[in-house]
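Q: give the three-dimensional model of this entry:
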Amino acid sequence: MQAYSDARFPAVTVVGHPLVQHKLTLLRQKATPTAEFRQIAREISLLMAYEVTRDLPLDTVTVETPMEAMEAPLLSGKKLCFVPILRAGNGILDGMLDLVPSARVGHIGLYRDPATLVPVEYYLKLPDDIPERLVVVVDPMLATGHSAAAALTRLRQAGAAQLRFVCLLAAPEGLAVLQDEHPDVPVFTAAIDRCLDEHGYICPGLGDAGDRLYGTK
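A: All right, here's what the predicted structure looks like:
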């Protein structure tokens, strides 16, 4: 099973590739040390980027091979822009850049108020030509969905017209929020987990992705 949809969330693609699922299980294990967690997150994000970029448009150009001239496909238009949600989003940025090194990178900084769970923006830096690019927002976890929804809203305000969202794990509660606020944004995830706990963490999940990426608590 390479990729499939969930009837509850029409805009969601679950990336079921065996390597993605294998690496996700390694990330879930609490005994996985920081360095290994970081490396596996990079590997799984590269694999997921294949699915996210599956339908990029192509043009045909003339090239000279060592044998003869031919018409060959090449990506058309502006390349991608990856926008990680700080800080944990950086943990799955590098793998995607390994696949698409010419992509531009923007950053959006949001933190979740621990009392209200409402996202608060503290940083935004984007390429000037973001309206012309496919913008892929990345964050390891889609929990309550409020930070992701706020990031997508802010990017729309900045002129982004083509948006996608990528995460390693999603909770049904977060997907419902995105479906309600941004129903036209495709979402790519490696798994839809059971639920959120009383603190807004995904269960069974993999813990706090940022803490596990950077060795903090």
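
Q: could I get the full set of helices for this structure?
A: Secondary structure of the chain (DSSP state H): helices at 18-28, 34-52, 93-99, 146-157, 172-181, 209-214.

Q: Val83 is nearest to which of those?
A: Checking the helices of the chain against Val83 by Cβ to Cβ gives helix 146-157 as the closest, at 6.6 Å. Yep, even glycine has a C-beta here, placed from its N, CA and C like the rest.

Q: output the contacting helices and strands for the closest one.
A: When contacts are defined as 3 or more Cβ pairs under 8 Å, 6 or more residues apart in numbering; DSSP states H and E, helix 146-157 packs onto strand 81-86, strand 107-112, strand 119-125, strand 134-138, strand 162-170, helix 172-181.

Q: so where's the protein shaky on pLDDT?
A: Scanning the chain for pLDDT under 70 picks out 1, 117.

Q: how about 80 then?
A: Applying pLDDT under 80 to the chain flags residues 1-7, 77-78, 112-119, 217.

Q: what's across from the residue nearest the centre of it in the sheet?
A: Nearest to the geometric centre of the chain sits Val166, at 2.3 Å (Cα atoms, centre = their mean). For Val166, the beta-bridge partners are Val138, Phe188 (DSSP bridges).

Q: distance of it from Gly89?
A: Separation of Val166 from Gly89 (Cβ to Cβ, to the nearest Å): 9 Å.
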